[in-house]
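> show me the folded form of this:
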Amino acid sequence: MFAKQEAAKLEFERQKMEAEKEEKGKEREIERQKREKELELEQQKLNAEKEERELERQRVDAEREVQRQREDEERKLERQKVDAERELEHLKIETEKQKLELERMRIENDRLERERCERQKAEELAMEKERIAREFEIEYLKAEAEQRRHEEDLKLQMEKEKRQDEIKNDNAAKAKKYGDAVRGSIIAMGTDPLDATVNEQNNFSRI
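From the prediction side, this is the model:
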């Protein structure tokens with residue numbers, strides 16, 4: 001009987017131990033499942049955090065990309081603005097150069113036109129002076145020729161008058177000589193008529 005009790009006690013102890021073992025096994029299983037669940041939850045949390053960080057990274061990357069694109073666009077627009085301003089300034093400079101060149105050409109053309117007009121006026125003045133000089137020379141030559149003709153006419157007139165005076169003087173001299181001869185013949189007449197004729201012939205031969 002003692003052996004049965006002891007065997008029962010042992011069986012009870014064994015069952016108790018098995019029950020405890022089973023209970024511990026269940027507890028360990030529950031603890032394992034709990035840990036697995038906690039691990040799973042932790043993993044999910046980690047995955048969620050990772051996903052959140054990934055989303056945050058993507059958001060930051062997206063914002064950076066947007067910012068980069070915005071900055072690139074702003075730089076592009078700024079470059080275009082600078083290029084446009086530079087081109088506009090270049091066009092202004094070229095336009096100003098063209099205006100200055102046109103003004104220079106206008107001034108040069110005006111100068112050439114003034115010089116041409118001055119040359120033309122100088123040529124016309126020179127031609128007018130030459131014409132006046134020719135006319136004056138012609139008038140002078142005409143006057144000189146008229147003066148020479150007048151002097152020649154006056155000289156001819158004087159020579160004519162001189163010849164007439166000479167003729168008159170010569171006639172007067174001849175008349176005087178004739179008168180003197182007549183008077184001489186009258187004075188020299190003597191008693192002999194022949195002497196008178198000879199004296200008269202001598203006196204008239206001297207005339």
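> chain center to the lengthiest helix in the chain, what's the gap?
Ranked by residue count under DSSP state H, the longest helix found in the chain is helix 2-187. Offset of helix 2-187 from its chain centre (C-alpha atoms, centre = their mean, to the nearest Å): 12 Å.
> against E49, how distant is E101?
Counting by C-beta to C-beta, to the nearest Å, the separation of E101 from E49 is 74 Å. Glycine gets a C-beta too; all of them are placed from N, C-alpha and C.
> likewise K24?
Distance, K24 to E49, using C-beta to C-beta: 35 Å.
> flag the shaky bits of the chain, pLDDT-wise.
The chain contains residues with pLDDT under 70 at 1-4, 172, 178, 182, 184-207.
> do that again at 80, thanks
For the chain, the stretches with pLDDT under 80 are 1-14, 16-17, 19-20, 25, 165-207.
> mind checking how far R116 is from E123?
10 Å.
> same check, this time on L39
In terms of C-beta to C-beta, L39 sits 119 Å off from E123.
> how about Q15?
Q15 is 153 Å from E123, by C-beta to C-beta.
> go on, K97?
K97 is 38 Å from E123, by C-beta to C-beta.
> R104 too?
From R104 to E123 the distance is 28 Å (C-beta to C-beta).
> got it, and E38?
Taking C-beta to C-beta, one finds E38 at 121 Å from E123.
> got it, and K129?
11 Å.
> L88: how many residues sit nearby?
10 (other C-beta atoms under 10 Å).
> typo on my end, K176
So K176, with other C-beta under 10 Å, has 12 neighbours.
> check E40 too.
By other C-beta under 10 Å, neighbour count at E40 equals 12.
> again, but for A175
11.
> try A181
Other residues close to A181 by other C-beta under 10 Å number 20.
> any idea how far A173 is from it?
A181 is 12 Å from A173, by C-beta to C-beta.
> same check on Q147?
36 Å.
> repeat for K162
15 Å.
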